[in-house]
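Undergrad: Need coordinates for the following:
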Amino acid sequence: MIGRRTVWSDPQVKKLLEDFVPAADEVWRLHNGKDVECRLFQKFCDEGHYGPANGGTRTSTRQGTYCCTPSGMFLGSINSNDATRTAQLLRDALAKWKTLDKKERLLAEDPAKERRNLERAEARYPDDGLVLRVHSRDLERKSAQPQEEWAQKAHNVDYAWFRKEEISHFLPAEFAKKVTFQVPRETLARLARFHFADNVRGQTDAYPADAVESVELTGTVKDIKKGQVIIEYEGKVKLKDSRRTFEGFLRGTAAWDSRKHKFSQFELVAAGLRSGATQFNFRQNDPGPAPIGFCAVLAGDKPSDKIAPAHFYGYGWR
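TA: Have a look, this model is predicted:
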């Protein structure tokens, strides 16, 4: 999020990007995987700022901005939130690109045939399930905090996936006014562990299973009109491990389209107090307790809305 605010919104960088095809991805799989996509990434990233060519090791992170050709030829890299430095990287990379002929720029064969063999979490996207876009941000505090401007306005986004058979967990057994029901703890625990972790300012670990001290959510059918079943949710959550905590309330509303058998609306808020820090979430100087909020809403249908959850591999899906 820092990079988006300080680099990719910069006018000179945006102008330079007109000559590039920007892409963003989670680096760990690309760095450590073995499919053709990962091997292509490793080809150019190992020549970059954290690669062996610059004193890095095989296990060093490969986070950063890379410029390369479609063939995987390295053109330059940097890991910086400085727009001026990034702009210079783009200029230098474009200059190198212009010296190359077509054979150097492109792969010898079309890699499309390898697409089915890619080991991406996105291949398990639940087309017939429930997909939520989860926003996170700090909430207003009683007193101002001496934080950098970017930190005061930081926010983040993740996605939460539920399979088709899990949709019923958010619905009553029968559709009738005033009917109440409990969302299964197992479903809520997964949502809480992976999606109510403090990622507002940066990357964070999921909570371990034993960190879920309590989580509950009661649904109540408030109205039924024109095939829409209106449901309100209310509950609470308490998470705690050796490094951080989150305790708050849950409130939500949803509309189930009984004709199309899908949610036409779904909003769930978790708000409360967080404390502590993890290695990369930039809370070392702001451990709290302090208010934080998460808001889960129906995701769209664009490719960018089908990105896998940050902690998808903790879901246990096979």
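Undergrad: alpha carbons only for contacts and neighbour counts from here, please
TA: OK.
Undergrad: Verify the contact between Glu114 and Cys38 for me.
TA: No - applying Cα atoms under 8 Å, one finds Glu114 not in contact with Cys38, separated by 11.9 Å.
Undergrad: between the two, who's got more neighbours?
TA: Cys38 (18 against 11; other Cα atoms under 10 Å).
Undergrad: Regarding the more buried one, what is its secondary structure?
TA: Secondary structure state of Cys38, per DSSP: H, G, I helix; E, B strand; the rest coil, is helix.
Undergrad: Okay, it and Arg29: tell me how far apart.
TA: As defined by Cα to Cα, to the nearest Å, Cys38 lies at a distance of 7 Å from Arg29.
Undergrad: same check, this time on Ile230
TA: 40 Å.
Undergrad: Which one's more surrounded, those two?
TA: Ile230 (21 against 15).
Undergrad: any chance you could read off phi and psi for that one?
TA: When read as degrees, to the nearest 10, the backbone of Ile230 gives phi -90, psi 120.
Undergrad: Tell me the confidence at it?
TA: For Ile230, the pLDDT comes out at 98.
Undergrad: For the residue nearest to the spatial centre of the chain, name its beta-bridge partners.
TA: Closest residue to the average C-alpha location of the chain: Asp158 at 3.1 Å, with Cα atoms, centre = their mean. Beta bridges link Asp158 to Val134, judged by DSSP bridges.
Undergrad: residues in contact with it?
TA: 133-135, 195, 309-310 (Cα atoms under 8 Å, 6 or more residues apart in numbering).
Undergrad: repeat that with 7 Å
TA: 133-135, 309-310 (Cα atoms under 7 Å, 6 or more residues apart in numbering).
Undergrad: for stretch 106-121, the distance to its chain's centre please.
TA: Centroid separation for stretch 106-121 versus its chain: 24 Å, with Cα atoms, centre = their mean, to the nearest Å.
Undergrad: make that stretch 56-65, sorry
TA: 20 Å.
Undergrad: is it true that Arg274 touches Pro287?
TA: No - with contact defined as Cα atoms under 7 Å, Arg274 does not count as touching Pro287 (8.1 Å).
Undergrad: Look at those two and report which has more neighbours.
TA: The residue with more neighbours, out of Arg274 and Pro287, is Arg274; 25 against 15, by other Cα under 10 Å.
Undergrad: who does the strand or helix carrying that one touch, helix- and strand-wise?
TA: Using DSSP states H and E, Arg274 maps to strand 262-276. Here strand 262-276 touches strand 244-257, strand 290-298, going by 3 or more Cα pairs under 7 Å, 6 or more residues apart in numbering; DSSP states H and E.
Undergrad: What strands line up against the first one, and which way round?
TA: Partner strands for strand 244-257, per DSSP bridges, with pairing direction: strand 228-240 (antiparallel), strand 262-276 (antiparallel).
Undergrad: Format those as CSV; extra columns: distance to Gly248.
TA: Output for the strands paired with strand 244-257, formatted as CSV (distance: least, Cα to Cα, whole Å):
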stretch, distance to Gly248
strand 228-240, 6
strand 262-276, 4
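Undergrad: List the buried residues for stretch 119-138?
TA: Buried positions in stretch 119-138, judged by neighbour count with 16 or more other Cα atoms under 10 Å: 119-120, 125, 130-138.
Undergrad: Now render those as JSON lines, adding distance to Asp82 and secondary structure.
TA: As requested, these are exported to JSON lines (distance: Cα to Cα, whole Å; DSSP: H, G, I helix; E, B strand; the rest coil):
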{"residue": "Glu119", "distance to Asp82": "33", "secondary structure": "coil"}
{"residue": "Arg120", "distance to Asp82": "31", "secondary structure": "coil"}
{"residue": "Tyr125", "distance to Asp82": "35", "secondary structure": "coil"}
{"residue": "Leu130", "distance to Asp82": "38", "secondary structure": "strand"}
{"residue": "Val131", "distance to Asp82": "34", "secondary structure": "strand"}
{"residue": "Leu132", "distance to Asp82": "32", "secondary structure": "strand"}
{"residue": "Arg133", "distance to Asp82": "29", "secondary structure": "strand"}
{"residue": "Val134", "distance to Asp82": "28", "secondary structure": "strand"}
{"residue": "His135", "distance to Asp82": "26", "secondary structure": "strand"}
{"residue": "Ser136", "distance to Asp82": "25", "secondary structure": "strand"}
{"residue": "Arg137", "distance to Asp82": "23", "secondary structure": "strand"}
{"residue": "Asp138", "distance to Asp82": "24", "secondary structure": "strand"}
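Undergrad: Go ahead and confirm Gln228 touches Ser258.
TA: Yes - using Cα under 7 Å, Gln228 makes contact with Ser258 at a distance of 6.2 Å.
Undergrad: more neighbours, those two?
TA: Set Gln228 next to Ser258 and count neighbours by other Cα under 10 Å: Gln228 wins out with 20 against 15.
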